[in-house]
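# got a predicted structure here, sequence first:
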Amino acid sequence: MIKFYLKKKGKISLYTQDSFETLPAKEDILWIDITFPSQNDFKIIESEYNLEFPTRQESQEIEVSSRFWEDEDDITINSFFMISEDKHSYNESISFILKDHMLITIRYREFKTFNDCEKKLLSAPNLFISGYDVFGYILESRIDIDADIIENLSRSVTTLRKQLFSDETDNEDILEIISRFEDMNTMIRDSLIDKQRIISSMLKSPKVPQSLLNNLKIMIKDVNSLIEYTKYNFDRLDYIHNIFLGLLGIEQNKVVKIFTVVSVIFLPPTLIASIYGMNFKFMPELDWLLGYPFSLGLMLASAILPIFIFKKKGWL
């Protein structure tokens with residue numbers, strides 16, 4: 001699907017293109033939003049507006065040169081947008097092309113950021129002079145969303161720390177949650193570092209208008225602080241992981257301690273039973289009338305004595 005956002009006489013209108021019989025004039029276009037494009041879509045738009053789109057594979061590459069490059073006529077940007085669904089987090093790459101006064105976006109899924117941008121465009125057209133302003137709004141909105149994700153993650157980490165000392169929480173669940181939070185924090189950190197590089201490159205570009213440059217300087221400060229906060233989340237998760245391993249070790253020691261005490265308690269009676277269980281001909285206790293109750297009493301006393309000693313020492 002292709003959406004054209006046209007600006008005429010200070011007003012912005014939305015034009016959805018289903019066929020390619022007629023296309024809007026280049027000078028009227030503020031933003032072209034292309035979702036789930038086909039090869040035919042690419043060919044027609046590239047030919048009509050003298051553009052060159054990156055392939056989906058190129059947009060996913062992580063080299064710095066693949067994330068941002070600037071030609072004589074345009075700027076091409078591939079930016080990561082983090083997605084978290086079904087307890088799984090990953091980064092989806094979106095392509096932005098800034099050419100003259102136009103912005104062209106290429107994406108393969110829906111994002112709330114773009115829907116919000118559309119509403120803002122139609123309700124406050126005076127805020128958007130060129131495609132650079134649209135790009136700035138999308139980038140700023142996404143950074144705000146990333147900040148919300150980090151805040152929610154931080155609150156979840158705090159809740160997880162409290163759950164560590166709850167008997168109702170399963171150990172396997174704790175490990176799964178820690179792993180999921182670490183994956184999410186890694187994805188959001190990668191996304192922010194990607195935006196940091198993009199903003200740094202744009203601040204050096206002579207094509208970027210001054211109004212956007214001022215906003216970019218604020219954005220990069222926000223991004224830097226968010227990256228630092230992801231490091232803080234990593235430290236907290238590492239700390240929780242160490243606490244969890246410590247608690248797990250304590251539980252294992254308790255189990256080992258119980259088995260050790262039980263084995264020590266039953267060892268003396270077993271020894272006595274083994275002695276009197278030997279089948280030798282000359283054993284004086286065998287002919288003793290009180291030999292059996294004496295051996296039982298001795299076994300009982302030898303079992304009670306270690307329990308008494310352990311309790312006195314505070315081991316039980």
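Alright, I've got the coordinates. Everything quoted here is computed from the prediction, not taken from an experiment.
# going forward, measure contacts and count neighbours with C-alpha atoms only.
OK.
# now the helices for the chain?
Using DSSP state H, the helices of the chain run over 39-49, 56-60, 64-67, 112-123, 131-163, 171-203, 210-276, 291-313.
# domain ranges for the protein?
Annotated domains of the chain cover 2-249, 252-313 [automatic domain parsing].
# now do the same end-to-end measure for the longest one.
This points to domain 2-249. One end of domain 2-249 sits 58 Å from the other (C-alpha to C-alpha, to the nearest Å).
# wait, doesn't residue 4 sit right on residue 16?
Yes - counting by C-alpha atoms under 8 Å, residue 4 touches residue 16, with 6.1 Å between them.
# look at those two and report which has more neighbours.
More neighbours surround residue 4 than the other of residue 4 and residue 16, with 21 against 13 (other C-alpha atoms under 10 Å).
# what's the burial count for residue 119?
Neighbours around residue 119, by other C-alpha under 10 Å: 11.
# quick one: it from residue 243, how far?
Distance, residue 119 to residue 243, using C-alpha to C-alpha: 47 Å.
# quick one: contacts for the residue nearest the centre of the chain?
Nearest residue to the geometric centre of the chain (C-alpha atoms, centre = their mean): residue 184, 0.3 Å. Counting by C-alpha atoms under 8 Å, 6 or more residues apart in numbering, residue 184 touches 84, 88-90.
# which one of those sits closest to residue 52?
Closest approach to residue 52 among those (C-alpha to C-alpha): residue 90, at 26.8 Å.
# gap between residue 14 and residue 7?
Taking C-alpha to C-alpha, one finds residue 14 at 9 Å from residue 7.
# now do residue 301
To residue 7, residue 301 is 98 Å away according to C-alpha to C-alpha.
# okay, now the unreliable bits of the protein?
17-21, 58, 60, 62-66, 167-169, 279-282, 285-286, 315-316 (pLDDT under 70).
# if we use 80, what do you get?
17-22, 54-67, 85-87, 165-172, 275-292, 310, 313-316 (pLDDT under 80).
# just give me the neighbour total for residue 8.
11.
# for it, which non-adjacent residue is closest in space?
residue 28 (6.4 Å; C-alpha to C-alpha, 6 or more residues apart in numbering).
# which ones are touching the residue nearest to residue 15 when sequence neighbours are not counted?
Counting by C-alpha to C-alpha, 6+ apart, residue 4 is the residue found nearest to residue 15 once chain neighbours are left out, at 4.9 Å. Neighbour list for residue 4: 14-17, 24, 29-33 [criterion: C-alpha under 8 Å, 6+ apart].
# who's residue 4 bridged to?
residue 15, residue 32 (DSSP bridges).
# contacts for stretch 68-81, please.
59-60, 66-67, 91-100, 142, 190-191, 194-195, 198, 201.
# filter these down to the buried ones.
Neighbour counting over the contacts of stretch 68-81 (16 or more other C-alpha atoms under 10 Å) leaves 59-60, 66-67, 91-100, 142, 190-191, 194-195, 198 as the buried ones.
# just give me the neighbour total for residue 115.
Residues contacting residue 115 under the criterion other C-alpha under 10 Å number 12.
# let me fix that, I meant to ask about residue 236.
Neighbours of residue 236 (other C-alpha under 10 Å): 16.
# ok, the nearest residue in space to it that is not next to it in sequence to residue 165 distance?
Leaving aside its sequence neighbours, residue 236 sits nearest to residue 157 (C-alpha to C-alpha, 6+ apart; 7.6 Å). Applying C-alpha to C-alpha, the value for residue 157 to residue 165 is 14 Å.
# before we move on, the earlier item: just the buried ones from the contacts of residue 184, in ChimeraX syntax?
Selection of the buried residues among the contacts of residue 184 in ChimeraX, burial being defined by 16+ other C-alpha under 10 Å:
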select :89,90
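# taking the contacts of residue 184 one by one, which sit in strands?
Per DSSP state E, strands hold the following members of the contacts of residue 184: 84, 88-90.
# these two touch, right, residue 303 and residue 271?
No - using C-alpha under 8 Å, residue 303 is not in contact with residue 271, being 11.0 Å away.
# okay, these two: which has more neighbours?
Set side by side, residue 303 and residue 271 show more neighbours around residue 303, with 19 against 13, by other C-alpha under 10 Å.
# report the separation between the closest residue to the more buried one other than its chain neighbours and residue 300.
Of all residues not flanking residue 303 in the chain, residue 265 sits nearest, at 5.1 Å (C-alpha to C-alpha, 6+ apart). From residue 265 across to residue 300, the span is 10 Å (C-alpha to C-alpha).
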